[in-house]
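A.B. asks: this one's sequence-less:
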């Protein structure tokens with residue numbers, strides 16, 4: 001999987017664009033000013049760099065070092081202050097445990113994990129939140145299999161609200177939960193009608 005993503009991110013340009021995810025943009029006003037934000041699986045950095053530009057201290061983690069390098073380049077292009085607020089770390093979410101209670105927010109955008117470790121990884125990420133911290137998640141729903149706008153073609157890696165409520169139950173309180181159709185415009189990788197699951201939870 002690491003080689004797959006490194007090869008994809010080695011292609012010219014930014015596979016999913018350089019603008020933040022729409023649901024993140026909608027919910028970002030809820031975040032604490034200048035907060036500590038963890039962004040797992042952010043690839044080439046479109047969400048983590050945008051958060052850093054909003055004044056947050058951001059840790060972007062990903063399996064693909066090529067993606068993390070492009071995230072650092074994207075941050076630097078926006079200036080030294082933005083670049084200084086972004087840290088990157090290569091991790092494998094199947095085994096990585098972030099520090100408990102350290103972050104004001106965790107942002108999971110199209111981080112599709114297999115059921116073999118999805119729930120465990122989600123709970124570790126939820127535990128990384130401070131009390132009152134927010135988890136913002138958007139991922140493809142199984143109905144995305146009928147769409148051509150991107151995403152895994154394996155239903156095991158697509159998320160329903162029921163699954164997310166089970167994964168985060170007992171740790172986070174649901175503030176929003178939707179399974180909805182959207183029109184995606186996120187670089188060449190996500191274009192056109194799609195079906196997503198959006199979830200917002202609080203520690």
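C.D. replies: Happy to help now that I have it. Everything numeric here is computed off the predicted structure, so don't read it as measured data. Numbering: from 1, shown residues only.

A.B. asks: Please name the bridge partners of residue 138.
C.D. replies: Residue 138 has these beta-bridge partners by DSSP bridges: residue 109, residue 198.

A.B. asks: Contacts only, for it.
C.D. replies: Applying CB atoms under 8 Å, 6 or more residues apart in numbering to residue 138 gives the contacts 21, 23-24, 108-110, 196-199. From N, CA and C alone the C-beta is placed, and that goes for glycine too.

A.B. asks: so after the lowest-mean-pLDDT helix or strand in the chain, what's the next helix or strand?
C.D. replies: Least confident helix or strand of the chain, by mean pLDDT, DSSP states H and E, is helix 2-9 with a mean of 60. Proceeding C-terminally, helix 2-9 gives way to helix 22-27 as the next helix or strand, assigned by DSSP states H and E.

A.B. asks: And the contacts of that following helix?
C.D. replies: Contacts for helix 22-27 (CB under 8 Å, 6+ apart): 47, 50-51, 107, 109, 134, 136, 138, 176, 182, 196, 198, 200.

A.B. asks: Can you list phi and psi of residue 71 for me?
C.D. replies: Per-residue torsions, residue 71: phi -60, psi -40 (degrees, to the nearest 10).

A.B. asks: Quick check: it touching residue 61?
C.D. replies: No: with contact defined as CB atoms under 8 Å, residue 71 does not reach residue 61; the gap is 10.3 Å.

A.B. asks: Those two: which has the busier surroundings?
C.D. replies: Using other CB atoms under 10 Å as the criterion, residue 71 and residue 61 rank with residue 71 on top: 27 against 21.
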